[in-house]
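> generate a structure from the sequence data that follows.
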Amino acid sequence: MSGLALWAHRGSHGRGLLENTLPAFARALAEGADGIELDVRASVDGEALVIHDADLARVGGGALAVERTPWRKTTARRLQGGAHVPRLREVLDQVAGRIPVNVELKTVGVALPVARALRPGDRIVVSSFLDEALAAFRGAAPGVDRALLTERTPGEAPPWARLHALGCRAWHAHHPTLTGSEVRAAAARGLTVRAYTVAHAGDARRLAAMGVAGVFVDEPGALRQRL
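Take a look at the predicted model:
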């Protein structure tokens with residue numbers, strides 16, 4: 001189990017901390033997470049903001065549409081627990097290269113703002129379910145590692161052609177449909193496999209035995225204790 005990396009999915013959240021916020025990322029660092037995962041969308045004026053949903057309703061900030069609003073107005077809005085939507089650069093400065101950060105592109109339009117936000121020393125993997133977003137990011141920052149996110153039906157073939165066409169170095173797969181033979185086939189192709197979103201120690205042990213390199217978890221500290 002020592003080789004399985006635990007990545008904090010939207011930071012280490014719950015127990016009073018809201019996902020994708022600076023306090024959640026601070027907790028992930030304090031818990032010894034091996035990496036951090038976050039989501040990004042672009043403001044109307046081209047800033048990469050760390051937020052999963054298209055608006056702030058679910059996280060307590062009201063029906064403010066992130067992609068139609070200037071970033072200063074979005075980041076000024078208070079969310080549950082008093083947190084705010086951070087800019088991607090704020091989070092990267094907070095992490096300061098101590099552990100890698102997986103940046104999930106929620107739209108095609110956020111690819112260029114993310115590329116502009118990066119600086120030397122950032123340890124980044126950029127992922128997306130959207131082929132067009134990964135292709136746009138590849139054009140803007142070809143030296144940054146990319147990962148394809150997939151959610152497959154049971155028995156659906158692995159996305160080898162898409163991974164190759166996009167120049168991805170990692171495959172981020174929904175863990176229930178992932179098999180050991182697929183993980184071995186990915187390794188033979190030079191791909192790193194990580195799995196999302198894992199909550200139970202038994203699933204983490206199963207994935208580690210299959211050769212999965214890392215798992216995305218909501219509370220890495222708690223899962224590490226159970227392991």
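
> wait, Thr197 sits on Trp7?
No. The pair Thr197 / Trp7 is not scored as a contact, 9.8 Å apart, by CB atoms under 8 Å. C-betas here are computed from N, CA, C, even on glycine.

> who has more neighbours, the two?
Between Thr197 and Trp7, counted using other CB atoms under 10 Å, Trp7 has the larger neighbour count: 27 against 15.

> where in this protein is pLDDT low?
Where the chain drops to pLDDT under 70, the residues are 1-2.

> partner residues bridging the spatially most central residue of the chain?
In the chain, the centroid-proximal residue (CA atoms, centre = their mean) is Glu37; its distance is 3.2 Å. With beta bridges defined as DSSP bridges, Glu37 has these partners: His9, Asn102.

> and it, what does it touch?
Neighbour list for Glu37: 7-10, 101-102, 104, 196, 216 [criterion: CB atoms under 8 Å, 6 or more residues apart in numbering].

> show me which pair in those residues is furthest apart.
Val101 and Tyr196 (15.2 Å; CB to CB).

> ranges for the helices of this structure?
22-30, 71-76, 88-95, 111-117, 131-140, 160-165, 180-188, 201-210, 220-226 (DSSP state H).

> chain center to the third one: distance?
In terms of CA atoms, centre = their mean, to the nearest Å, the centre of helix 88-95 is found 14 Å from the chain centre.

> one more: the last one?
Relative to the centre of its chain, helix 220-226 is centred 19 Å away, using CA atoms, centre = their mean.

> quick one: residues in contact with it.
6-8, 12, 27-28, 30-34, 198-199, 201, 204, 217.

> give me the buried subset of the residues you listed.
Buried by 16 or more other CB atoms under 10 Å: 6-8, 12, 27-28, 31, 33-34, 198-199, 204, 217, out of these.

> tell me the one of those nearest Arg152?
Distance to Arg152, by CB to CB, is smallest for Val198 among the buried ones among the contacts of helix 220-226, at 16.4 Å.

> tell me how far the residue nearest to Arg78 when sequence neighbours are not counted lies from Glu90.
Leaving aside its chain neighbours, Arg78 sits nearest to His84 (6.4 Å; criterion: CB to CB, 6 or more residues apart in numbering). Going from His84 to Glu90 by CB to CB, to the nearest Å gives 10 Å.

> again, but for Ala8
Taken as CB to CB, the span from Ala8 to Glu90 is 16 Å.

> residues near Gly82, how many?
Neighbours of Gly82 using other CB under 10 Å come to 10.

> any idea how far it is from Gly16?
From Gly82 to Gly16 the distance is 11 Å (CB to CB).

> can you check Leu92 too?
With CB to CB as the criterion, Leu92 and Gly16 are 24 Å apart.

> go on, Thr179?
According to CB to CB, Thr179 and Gly16 sit 37 Å apart.

> give me the more crowded residue out of the two.
The residue with more neighbours, out of Thr179 and Gly16, is Thr179; 13 against 9, by other CB under 10 Å.

> residues touching the closest residue to that one other than its chain neighbours, list them.
Closest residue in space to Thr179, ignoring its immediate chain neighbours: Met210 at 7.4 Å, by CB to CB, 6+ apart. Going by CB under 8 Å, 6+ apart, Met210 touches 178-180, 183.
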